[in-house]
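> sequence plus predicted model, see below.
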Amino acid sequence: MRRMVCVQLCVLALLALAALSGIAAAQEPQGATVVECAAAQENITTLVSLVDRTGLNETLSDETANFTLFAPTDDAFAQLPPDVDELLINSTDSEVLLPEVLLYHVIEGTYSSSDLVEIGVIESMQGEHLVFNSTMDGNMTVNEVNVTTPDIPCGNGVVHVIEGVVLPSIIPQASDENVTAADESPA
């Protein structure tokens, strides 16, 4: 009888240990961060280098937080009008403006494309709103820029690849159709 009680206690202790380790594992995100997910895409190198340049990679690599990242392709950055490119990359204001533009591509929390279309409008980490719509072919746009690859799951969020750079209102309005400046905040 005593041996049976000892075996039962050992089994209970093992079950409790397994349950506790399962809880700890469930709290740790599995997989790459949104920065690592973006870096794994062949056509997202410009964004990744700019995130690194500004130091935002540390923020977006936080495994205890969740982010939704809208990742413009290299072609999207290449299509920026020269004056906007100069302003963001080489001007004396770029140290302030570039992080603002990059944060405009990030939302706190993990949102799938279907969640975003259902919500419609959400505040970016930069502070201005992003507007999401569904297209006739069932794809999604963010501020009228097409999402080409939605819902790339990451350990601390999700990445949506977009074919244009979305710009907050602090950046002068660009005439290029692949660049969208923020509208006034919705009422």
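Structure's in. What do you need? Residues are numbered from 1 along each chain as shown.
> going by C-alpha atoms from here, please, whenever you check contacts or count neighbours.
Noted.
> for the helix or strand hosting Asp52, packing partners?
For Asp52, the host element (DSSP states H and E) is helix 45-54. When contacts are defined as 3 or more Cα pairs under 8 Å, 6 or more residues apart in numbering; DSSP states H and E, helix 45-54 packs onto helix 34-40, helix 74-78, helix 94-103.
> so which of those helices gets nearest Val145?
Between Val145 and the helices and strands packed on helix 45-54, the shortest gap by Cα to Cα is with helix 74-78, which sits at 10.2 Å.
> still on that earlier bit, what's the most buried one of the helices and strands packed on helix 45-54?
helix 34-40 (a mean of 21; mean count of other Cα atoms under 10 Å).
> how about the nearest residue to Val121, chain neighbours excluded?
The shortest distance from Val121 to any non-neighbouring residue, by Cα to Cα, 6 or more residues apart in numbering, is to Val131 (4.6 Å).
> need the longest strand for this protein.
In the chain, assigned by DSSP state E, the strand with the most residues is strand 145-154.
> against which helices or strands is that one packed?
Against strand 145-154 (3+ Cα pairs under 8 Å, 6+ apart) you get helix 34-40, strand 140-142, strand 157-162.
> tabulate the ones you listed (JSON lines), appending distance to Asp52.
Formatted as JSON lines, the helices and strands packed on strand 145-154 follow (distance: least, Cα to Cα, whole Å):
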{"stretch": "helix 34-40", "distance to Asp52": "9"}
{"stretch": "strand 140-142", "distance to Asp52": "23"}
{"stretch": "strand 157-162", "distance to Asp52": "17"}
